[in-house]
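Trainee: Model the structure of this input:
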Amino acid sequence: MAYSLIPLFPLPLVLFPGQVRQLRIFEPRYRSLLQDCLDSGMPFGLVLAKPPSDQEAEPLPHEIGTLAHITEVERLQDGTFGININGGDRFRIARFQHDKPYLQGVISTLPLLQTETEEAHALHERVQGLLPQYLEALTQASGIRFGVHTVPAEPTQLAYLTAIVLQVSNEEKQSLLAINHLPRLLARETRLLYSELDLMAWINATIADSQKHGFGTDGWLSPN
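Mentor: Next up is the predicted model:
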């Protein structure tokens, strides 16, 4: 289904196609947005918010975002709402509209290009090999096992899963979301994975060294 004018929800996070997230809705304007989406059956657009500046207390968000399809709604005891969303198509905002309590945008969807090229498939194989290594390194560094049970065989799904799990800034994630060609996205993710793997190796080596040698008289790090 094509959408032209949609509600926009600026947040300090980036949503990717296929990603599942939970949100809490408490501001009156976004409760209104939620009700309008439920009444119409439409998704809203989740866009990365820009930080306030001296010129603007609430600047307009980034122009590339992802459609957020509401899959579950729960009214919480404090009167707020918890919702589950699923990331749909990417979109670009052509024009912002301000005639409702919340921001709206006239959008066009952005399908990912060059998904079946030889370059895309070659880079897919490289990322497919790197991603499990990265997840294992993250588990060693954090002690938390990430819930990725299967690495997708389909290149576009793999590219977006990689973008989701990469532990990088929102600005970096936004730059990944804005890439229009699959080979460019996979190439950028390959560089990030190598960089992050080097960082994780250093962190894990540091943790192992500190556990081996310890700090302080009792083998623990002491500020005194």
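Trainee: My reading is that Y134 is in a helix; is that accurate?
Mentor: Yes: applying DSSP: H, G, I helix; E, B strand; the rest coil, one finds Y134 inside a helix.
Trainee: Can you give me the buried ones in the biggest helix by length in the chain?
Mentor: Looking across the chain with DSSP state H, the single longest helix is helix 182-213. By 16 or more other CB atoms under 10 Å, the buried positions in helix 182-213 come out as 182-189, 192-193, 196-197, 200. Placement of C-beta: from N, CA and C, glycine included.
Trainee: do the same with stretch 134-141
Mentor: By 16+ other CB under 10 Å, the buried positions in stretch 134-141 come out as Y134, L135, A137, L138, A141.
Trainee: Could you do stretch 51-60 as well?
Mentor: Neighbour-count burial for stretch 51-60, counted by 16+ other CB under 10 Å, picks out L60.
Trainee: Determine how far that stretch lies from the middle of the whole chain.
Mentor: Centroid separation for stretch 51-60 versus its chain: 22 Å, with CA atoms, centre = their mean, to the nearest Å.
Trainee: could I have it exported to PDB, CA atoms only?
Mentor: This file holds the C-alpha atoms of stretch 51-60, laid out as PDB (Å, rounded to 0.1, in the frame of the first residue of the first chain):
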ATOM      1  CA  PRO A  51      19.200  17.700  19.000                       C
ATOM      2  CA  PRO A  52      18.000  21.100  20.100                       C
ATOM      3  CA  SER A  53      20.200  24.100  19.200                       C
ATOM      4  CA  ASP A  54      20.500  27.800  20.100                       C
ATOM      5  CA  GLN A  55      18.400  28.500  17.000                       C
ATOM      6  CA  GLU A  56      15.700  25.800  17.500                       C
ATOM      7  CA  ALA A  57      14.400  24.200  20.600                       C
ATOM      8  CA  GLU A  58      12.800  21.400  18.500                       C
ATOM      9  CA  PRO A  59      14.400  21.300  15.100                       C
ATOM     10  CA  LEU A  60      12.800  19.200  12.300                       C
END
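Trainee: which residues touch it?
Mentor: With contacts defined as CB atoms under 8 Å, 6 or more residues apart in numbering, stretch 51-60 is touched by K50, F96, L103.
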